[in-house]
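> show me the folded form of this:
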Amino acid sequence: EPYLRAQQRLNQQIQQAGPASATETSELLHALLNQQLELEEQRNERLKERTKELNCLYSIRREMVLNLSVDELCNRIVVHLAKAVRFPELAITIIDLNDQRFTSKKYVQTPVHALETPIYINKKVCGKIQILYIEEQSFLLPEEQELLNTIAADLQLWLERVQTESALKASLSKVRLIEDALDAHSIVAITNRQGIITHVNNKFCSIAKYSREELLGQDHRLINSGFHPQEFMRHLWKTIAKGNIWKGEIKNKAKDGSYYWVDTTIIPFFDDKEKPFQYIAIRTEITERKQLELLMAQRVEELARSNDELAQFAYVASHDLQEPLRAVTSCVQLLKKRYESKIDDQADKFISHAVAGVERMQKLINDLLTYSRIDTHDSIESVNCEEILANVLNNLAIKINENNAVITHDPLPSVSVIKFQLFQLFENLIGNAIKFHRIDDKPVIHISAAQKSNEWVFSITDNGIGIEQEYFSRIFLVFQRLHTRSEYSGTGIGLAICKKIIKSHGGHIWVKSQIGQGTIFYFSIPKK
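Below you'll find the model as predicted:
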């Protein structure tokens, strides 16, 4: 501007007064030359400053393409920025980012704030860039503010890119972990709409015994075992072609001719028109489980056959075995009737033992027959326990009267059971309570029932001789007796029958007792 003003004055003088004197012209030319030299000096200075700014930006952007951490980049930016300011010896450049501070140099004097600009990440302020001076002079330059704004914008883009890359890496890492876990457990295959295999994982190759190259481009007919009917496969494809998920078990054939079973889930993937364009099949090998199921089916068949044989044995026991036993019984009874007290005391004793043994055998066969028939599939019906108890007490009336037993009960519910089995259960437990009473006390027995969430729990309490705790489980086994026959009669099957009855109804039976204090038998019957 001074140069232009001097040139304008010279032109005006020439136009107004004509040619000036040599002295005036020389002075004007000298002033014009000085102004031009000063202008050139300013231009050179500005060019130098601009070059420093461009070098700064170039250096920073070059650092940004390197694989640097945030701390490393910020430390380098403050150094490059410090070199680009007008008075670097008086300036301190600072970046505050996420509670961290990066400075170009240490300072003792309290700096005077000059310029700053905020740093944004995803439209949120996360820090700022500053140029501080240690002297209270005006060094504020618009060019330096623009430089700060440019660096802050570049740093924002870099930080957002790093943040996105970090999130992407974390996401990819999670995906790889999931993929590794899936590969370790499952067989995975992807097919296109036509059923052509486009992807298989390592587990697929190891189970099918084909290489990846042999599987890609093929369809699943390559591993078809021929076990499933065509209708099975048509239903599978019809289901997934409609966009529905198919689940089921498939028997496949490996390359070496061996067979294997897989629990399969096939999931359709849809295009923009909501049509399936590919299918992902996730399978779990279940060959061992299928073999166990086959073995179990064989064992069940064997068990059913064994049960049939047991039922046949029960029939034989109830008919063929009891017939000769009745003949023996009749002969022994006739022998006793005709010859008792007619031979000698020893003969009478032998006859009595024979009669007692035959009676025990008859009772034992009847109890075994009862035990073996408990699992028969008789109909379940709603039974009033009050009526069952009344019939049981009527059946035990002679025994009750002989022992002066006192039997009480709370209101009893109706339950869904096999009627005659519930009768046997009450009769055995109440009969035992009467039989195992203390000699000095008459039997006192109480029956009650309590309603639980999904079952009825019955209890039969007596004041009898009690049971030691170590025998609580043993008493429910067949032929397990805690006393001699001379002390208490019986076959040792009664409680085993009770346990089998309760078990066949889906309930439980247990006991609580103390020697000399009495016994409580509990049993549960489900409501349904």
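
> who's in contact with Glu144?
Ala84, Val85, Arg86, Leu115, Ile131 (Cβ atoms under 8 Å, 6 or more residues apart in numbering). For every residue, glycine as well, the C-beta is placed using N, CA and C.

> partner strands of the longest strand seen in the chain, parallel or antiparallel?
As assigned by DSSP state E, the longest strand anywhere in the chain is strand 259-270. According to DSSP bridges, strand 259-270 forms sheet pairs with strand 246-253 (antiparallel), strand 276-285 (antiparallel).

> quick revisit: how about the contacts of Glu144, which pair is most distant?
Comparing every pair within the contacts of Glu144 by Cβ to Cβ identifies Ala84 and Leu115 as the most remote, at 12.2 Å.

> so for these two, which residue has more residues nearby?
Neighbour count, other Cβ atoms under 10 Å: between Ala84 and Leu115, Ala84 has more, with 25 against 21.

> for the more buried one, which non-adjacent residue is spatially closest?
Cys56 (3.5 Å; Cβ to Cβ, 6 or more residues apart in numbering).

> just checking, that neighbour touches Lys83?
Yes - here Cys56 reaches Lys83: they are 6.5 Å apart, a contact under Cβ atoms under 8 Å.

> which of the two has more neighbours?
Neighbour count, other Cβ under 10 Å: between Cys56 and Lys83, Cys56 has more, with 21 against 14.

> tell me where the stretch 51-200 of the chain has strands.
91-97, 100-103, 112-121, 124-133, 187-192, 197-200 (DSSP state E, counting those that start in this stretch).

> by mean pLDDT, show me the worst of those.
Of all the strands of the stretch 51-200 of the chain, mean pLDDT reaches its minimum on strand 112-121 (a mean of 85).

> where do the helices of the stretch 101-250 of the chain begin and end?
Ranges of helices in the stretch 101-250 of the chain, per DSSP state H, counting those that start in this stretch, are 142-185, 202-208, 212-215, 230-241.

> export the ones you listed to TSV and tack on mean pLDDT and distance to Gly466?
Listed next are these as TSV, based on pLDDT from 0 to 100; distance: least, Cβ to Cβ, whole Å:
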stretch	mean pLDDT	distance to Gly466
helix 142-185	86	56
helix 202-208	92	62
helix 212-215	94	73
helix 230-241	93	63
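
> which of the ones you listed sits most buried?
Scoring the helices of the stretch 101-250 of the chain by mean neighbour count under mean count of other Cβ atoms under 10 Å gives helix 202-208 as the most buried, with a mean of 18.

> quick one: it to chain centroid distance?
Mean-position distance between helix 202-208 and its chain equals 25 Å (Cα atoms, centre = their mean, to the nearest Å).

> now swap in stretch 264-275 and tell me
Using Cα atoms, centre = their mean, the offset of stretch 264-275 from its chain centre is 26 Å.

> show me what counts as buried in that stretch.
Within stretch 264-275, the residues scored as buried using 16 or more other Cβ atoms under 10 Å are Thr264, Ile266, Pro268.

> surely the second one touches Ile280?
Yes - under the criterion of Cβ under 8 Å, Ile266 makes contact with Ile280 at 7.3 Å.

> any chance of the strands of the stretch 51-200 of the chain in a markdown table, plus distance to Leu216?
Shown next, in a markdown table, are the strands of the stretch 51-200 of the chain (distance: least, Cβ to Cβ, whole Å):
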| stretch | distance to Leu216 |
| --- | --- |
| strand 91-97 | 49 |
| strand 100-103 | 51 |
| strand 112-121 | 44 |
| strand 124-133 | 47 |
| strand 187-192 | 10 |
| strand 197-200 | 6 |
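
> can you tell which of those strands is closest to Ala254?
Closest among these, using Cβ to Cβ: strand 187-192, at 11.7 Å.

> that closest one versus helix 230-241: what angle between them?
70 degrees (axes from the mean of the first three to the mean of the last three Cα atoms, to 10 degrees).

> what does strand 187-192 contact?
Contacts of strand 187-192 (Cβ under 8 Å, 6+ apart): 182, 197-201, 203-204, 207, 215, 219-220, 262, 277-285.
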